[in-house]
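# need the 3D shape of this:
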Amino acid sequence: MAGAIVGPMSFQLGNSCFEGDAYVAPIEDDMLLGADFLHAKGVVLDLKSARLELGEEQIPLQFGSDLSEHKVARVRAEYRVIVPPNKAKRVSGILDQKLDTFVFEPVHTLEGIAPQTLHDAGATAEIYVINLADRPVIIDPGDLLGAAQEVEVAKVPYDPTEDGLSSAQGSELLNLLVYHADAFAKDEFDLGNFTLIEHGIDTGTSPPIKQRMRRTPVAFAGEEKAHLAKVENAGVIQPSISEWASAPVLVRKRDGGVRWCIDYRASTTGHLNR
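Prediction:
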C-alpha cells in the first residue's frame, strides 16, 4: 500500500493533545491509532464497558456509525485538470455519497491551495485550486481533493431595530411576511407553476427545425449535468420528443454560477407566424 509519512502534526484524544508523525495511506477510516502509540501512552481499552482510559480520563467508545451525526463524504476529482503556475482553476469534485448542505475541507496532501467552502445539497462540488508554485499542478481523475461534511446553517434572528423599526413593528412585519410566504421564492428554482392555459405556437407550413446539440466545453461538463438535474427536478424543463429542437448553450454568470441560453434563431427566422 502506497503512503507517506507527514508531521509532526497535532491531534487531540479526549482532553489531551499530542504531537507526532502520521502515516497517510488510502484507507477508508479517517484515522487509526497504532498499538505503539496506545502502549506508549498507557492507554487501556475496556471494550466491555465501551470506553478508553487515558490516565485519569475515561473516553466513551462508539461502535458502528451514529446516524445522529452529520454524514461525511470524500471528494475526488472528476476530470483531469492542469493548474498553471500562479494561477487558479475550477476543479469538479464528485462526492462518494449525496449530502445535504455541506462544507468542503481540502485534504492536506492536495498540491496547491483550496479554500474551505459551503455548498448546497448534492453529490458534486466545484472547487477552486490555487497554484502558488513555479510548476504546474496536475490533478488526475479520482485524486482525493478533500472531505465534505453535512452542516446545519444557522438562521440569524431578525433584528427590526437595524431597519429603524420597533419590536412591535418588527413582529407585525414578520407576521405579514409569513402570511404572504407563498408570494416569495424559496430559491432560484421556486418559480411556481400555472397550468390553466396552454400556449400554442403557429408554425404554419414550415418544416420542423431540429438543431444538433453543441459540444459541451470540458470546463462545463460537470456543471451541465448538475444544473440539468436541478432544473428538471424543479419542473422548469421536461423530457421531450418534439421534432422541433433548438441548441442550448450553458453560459457563465457574473456571480460564477451558470444558466442556460437557447439559440432560437434558426426556428424563429421566417418560420413562425407572428
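
# ok, longest strand in this structure?
Selection of the longest strand in the chain by residue count, based on DSSP state E, yields strand 87-99.

# mind listing the strands that strand pairs with, and their directions?
If you go by DSSP bridges, strand 87-99 pairs up with strand 72-77 (antiparallel), strand 122-131 (antiparallel).

# centre of the chain to that strand, how far?
Strand 87-99 sits 7 Å away from the centroid of its parent chain (Cα atoms, centre = their mean, to the nearest Å).

# please identify the buried residues of that strand?
By 16 or more other Cβ atoms under 10 Å, the buried positions in strand 87-99 come out as 89-95, 99. The C-beta positions use only the backbone N, C-alpha and C, and glycine is treated the same way.

# of the residues you listed, closest to G256?
R90 (8.7 Å; Cβ to Cβ).

# who's in contact with the closest one?
Residues in contact with R90, defined by Cβ atoms under 8 Å, 6 or more residues apart in numbering, are 126-128, 219.

# again, but for G42
Applying Cβ under 8 Å, 6+ apart, the residues near G42 are 54-55.

# so how far is I59 from it?
Remark: distance between G42 and I59 (Cβ to Cβ, to the nearest Å) = 13 Å.

# cool, V75 as well?
29 Å.

# higher neighbour count, those two?
V75 (27 against 13; other Cβ atoms under 10 Å).

# where are the low-confidence patches of the protein?
Across the chain, the ranges flagged by pLDDT under 70 are 1-4, 6-7, 24-31, 62-70, 154-158, 194, 270-274.

# what residues go with each domain of it?
The chain breaks down into these domains under automatic domain parsing: 4-60, 72-150, 191-274.

# rebuild the ones you listed as JSON lines, extending it with distance to G164.
What follows is those, written out as JSON lines (distance: least, Cβ to Cβ, whole Å):
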{"stretch": "domain 4-60", "distance to G164": "46"}
{"stretch": "domain 72-150", "distance to G164": "31"}
{"stretch": "domain 191-274", "distance to G164": "30"}
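
# quick one, which of the strands paired with strand 87-99 gets closest to D36.
strand 72-77 (27.1 Å).

# and the following helix or strand past that closest one, what's buried?
As assigned by DSSP states H and E, the chain's next helix or strand after strand 72-77 is strand 81-83. In terms of neighbour count (16+ other Cβ under 10 Å), strand 81-83 has its buried residues at 81, 83.

# can you pull out the strands in the stretch 101-250 of the chain?
102-106, 117-119, 122-131, 137-139, 144-150, 247-252 (DSSP state E, counting those that start in this stretch).

# and the ones you listed as a markdown table, adding mean neighbour count?
Below are the strands of the stretch 101-250 of the chain laid out as a markdown table (neighbours: other Cβ atoms under 10 Å):
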| stretch | mean neighbour count |
| --- | --- |
| strand 102-106 | 20 |
| strand 117-119 | 15 |
| strand 122-131 | 18 |
| strand 137-139 | 18 |
| strand 144-150 | 19 |
| strand 247-252 | 14 |
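
# just the CA atoms of stretch 237-255, as PDB, please.
What follows is stretch 237-255, C-alpha atoms only, in PDB (Å, rounded to 0.1, in the frame of the first residue of the first chain):
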ATOM      1  CA  ILE A 237     -37.900  21.600 -18.100                       C
ATOM      2  CA  GLN A 238     -39.100  18.200 -19.000                       C
ATOM      3  CA  PRO A 239     -38.100  15.400 -21.500                       C
ATOM      4  CA  SER A 240     -39.500  16.000 -25.000                       C
ATOM      5  CA  ILE A 241     -39.800  14.000 -28.200                       C
ATOM      6  CA  SER A 242     -40.800  17.000 -30.300                       C
ATOM      7  CA  GLU A 243     -39.500  17.300 -33.900                       C
ATOM      8  CA  TRP A 244     -38.500  20.900 -33.100                       C
ATOM      9  CA  ALA A 245     -35.300  21.400 -31.200                       C
ATOM     10  CA  SER A 246     -33.000  24.400 -30.600                       C
ATOM     11  CA  ALA A 247     -29.500  24.100 -29.300                       C
ATOM     12  CA  PRO A 248     -29.000  25.000 -25.600                       C
ATOM     13  CA  VAL A 249     -25.800  26.800 -24.500                       C
ATOM     14  CA  LEU A 250     -24.500  26.900 -21.000                       C
ATOM     15  CA  VAL A 251     -23.000  30.300 -20.100                       C
ATOM     16  CA  ARG A 252     -21.200  31.600 -17.000                       C
ATOM     17  CA  LYS A 253     -23.000  34.300 -14.900                       C
ATOM     18  CA  ARG A 254     -21.200  37.100 -13.200                       C
ATOM     19  CA  ASP A 255     -21.600  35.500  -9.800                       C
END
